[in-house]
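# Fold the following, please.
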Amino acid sequence: MITISALTKRYGDFTAVDDVSFTARPGRVTGFLGPNGAGKSTTLRILTGLAEATSGTAEVLGRRFADLPNPGREVGVLLDASAQHAGRTGRESLVLAQRTLGLPAARVGETLDRVGLTPQEARRRVGNYSLGMRQRLGVATALIGEPQVLILDEPANGLDPAGIRWMRDLLRDFADDGGTVLLSSHLLAEIETIADDIVVIGGGRVVAGGPKSELLAGVGTLVRADDVAALTTALEAAGQTTSRTDDGAVLTDADLAGAGRAAFSAGIPVTELRAADGAGLEETFLALTAPTQRDAGGAPRPPVSPHTPTTTGAVA
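I've put the predicted structure just below:
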């Protein structure tokens, strides 16, 4: 189990992670999502002992990572597949992990087979590996200690479709065997396929979290009016985030009452007002993180609005 509680990290006047709380549970894959600069990497670095929190706690199996007696045999970590010694062979890299963790020598070959690196590939130097092969070697290093928890950042980056399918099956099997998986990725379609729970972070804060089925059930309110421009202006003037649907309606992060009051106060006749339909993960992600996304010109949007829908951050 992974437990993040009121986690905050400040760098001078900048707050990278702001009171983040969520739980990743055994037997489940938890997707950890957010736009660039949202605070995902900082959270993972604190969780794996690579950075100190300003306040709050980040625990794996009930302890700080630094307090685990032999972390590699309890937690498998892959944060950067490119951060591997280019001069070593794949096998040498894994032998080093095996010896450091005090594991039987046979575990090296078993783990190479598990991640699909052939004996010929294992004898090649890592500097000559493709990104996909580096990902497989990184996953092998994370798995060699037979941990209970996996913490992975973009593990499918550089993999071809067959490799992505392999990664999906590996993580699903790991969770189904009772393991805990925390998976950060920009491949939203993959997260939608594999994740049981999803935590979305934006501007350093958790903006949504919970079972995938609940998170995708619907976000905000759909409003329709003859004067779409005036409706959008009225909703945004009320502090609501808006986006336009393909058929000309407006999707807002407010509840039904809030959207209706904003339109009524502006004197705009509304022709449709209802809860938004269930959406795919990409649409949901963009709606939830809209206030922290950069627009087409590259300028950051305003901070997360207090009207942005959130949960308690706990994943059941």
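# list the buried ones in stretch 224-240?
224-225, 228, 231-232, 234-235, 238, 240 (16 or more other CB atoms under 10 Å). Glycine gets a C-beta too; all of them are placed from N, C-alpha and C.
# again, but for stretch 21-32
21-25, 28-32.
# and what of stretch 154-171?
154-159, 163-164, 166-168, 170-171.
# The nearest residue to Thr232 once chain neighbours are set aside: what's it in contact with?
Of all residues not flanking Thr232 in the chain, Thr242 sits nearest, at 5.2 Å (CB to CB, 6 or more residues apart in numbering). The contact partners of Thr242, taken as CB atoms under 8 Å, 6 or more residues apart in numbering, are 232, 235-236, 250-252.
# For Thr242, list each beta-bridge partner.
Under DSSP bridges, the beta-bridge partners of Thr242 are Thr252.
# How much space separates it from Gly202?
Distance from Thr242 to Gly202, counting by CB to CB, to the nearest Å: 16 Å.
# Tell me the pLDDT of the spatially closest residue to Ala195 that is not a sequence neighbour.
Leaving aside its sequence neighbours, Ala195 sits nearest to Gly31 (CB to CB, 6+ apart; 3.6 Å). Listed pLDDT for Gly31 reads 95.
# and what of Thr221?
85.
# which phi and psi does it have?
Main-chain dihedrals, Thr221, degrees, to the nearest 10: phi -130, psi 140.
# any low-confidence regions in this protein?
Applying pLDDT under 70 to the chain flags the ranges 217-219, 277-280, 291-316.
# just the helices in it please.
40-47, 90-100, 106-114, 119-122, 131-143, 161-176, 188-194, 212-215, 228-237, 256-265, 281-289 (DSSP state H).
# what's the fourth one packed up against?
With contacts defined as 3 or more CB pairs under 8 Å, 6 or more residues apart in numbering; DSSP states H and E, the secondary structure elements packing on helix 119-122 are helix 90-100.
# The helix it packs on versus helix 131-143: what angle between them?
20 degrees (axes from the mean of the first three to the mean of the last three CA atoms, to 10 degrees).
# buried stuff in helix 90-100?
In helix 90-100, counting by 16+ other CB under 10 Å, buried: 90-91, 93-95, 97-98.
# quick one: which of the contacts of Thr242 is nearest Val77?
Leu251 (37.6 Å; CB to CB).
# residues touching that closest one, list them.
With CB under 8 Å, 6+ apart, Leu251 has these contacts: 219-223, 242-245, 276, 287.
# Quick check: the farthest pair among the residues you listed?
Greatest spacing in those, by CB to CB: Val219 and Arg244 (14.7 Å).
# Between the two, which has more neighbouring residues?
Between Val219 and Arg244, counted using other CB atoms under 10 Å, Val219 has the larger neighbour count: 23 against 11.
# Buried subset of the contacts of Leu251 as a PyMOL selection?
The following PyMOL line selects those of those that are buried, judged by 16+ other CB under 10 Å:
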select buried, resi 219+220+221+222+223+242+276+287
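# Ala208: which of the buried residues of stretch 21-32 is nearest?
Phe22 (10.2 Å).
# who does the closest one bridge with?
Note on Phe22: beta-bridge partners by DSSP bridges are Ile4.
# Look up how far Ser41 lies from it.
Counting by CB to CB, the gap from Phe22 to Ser41 is 16 Å.
# And Glu190, by the same measure?
18 Å.
# and what of Gly163?
Note on Gly163: its distance to Ser41, by CB to CB, is 23 Å.
# Then Arg168?
Taken as CB to CB, the span from Arg168 to Ser41 is 22 Å.
# same question, Asp255
For Asp255, the distance to Ser41 equals 33 Å [CB to CB].
# Have a look at the two and say which one is more surrounded.
Shown here are Asp255 and Ser41; by other CB under 10 Å, Ser41 has more neighbours (20 against 15).
# List the contacts of the residue lying closest to that one once chain neighbours are set aside.
Spatial nearest neighbour of Ser41, excluding adjacent residues (CB to CB, 6+ apart): Asp153 at 6.8 Å. If you count contacts by CB under 8 Å, 6+ apart, Asp153 has them with 40-41, 44, 78-80, 184-185.
# out of these, which are buried?
By 16+ other CB under 10 Å, the contacts of Asp153 give 40-41, 44, 78-79, 184-185 as buried.
# Which of these lies at the shortest distance from Ala262?
Taking the buried ones among the contacts of Asp153 together and measuring to Ala262 by CB to CB, the closest member is Lys40, at 32.3 Å.
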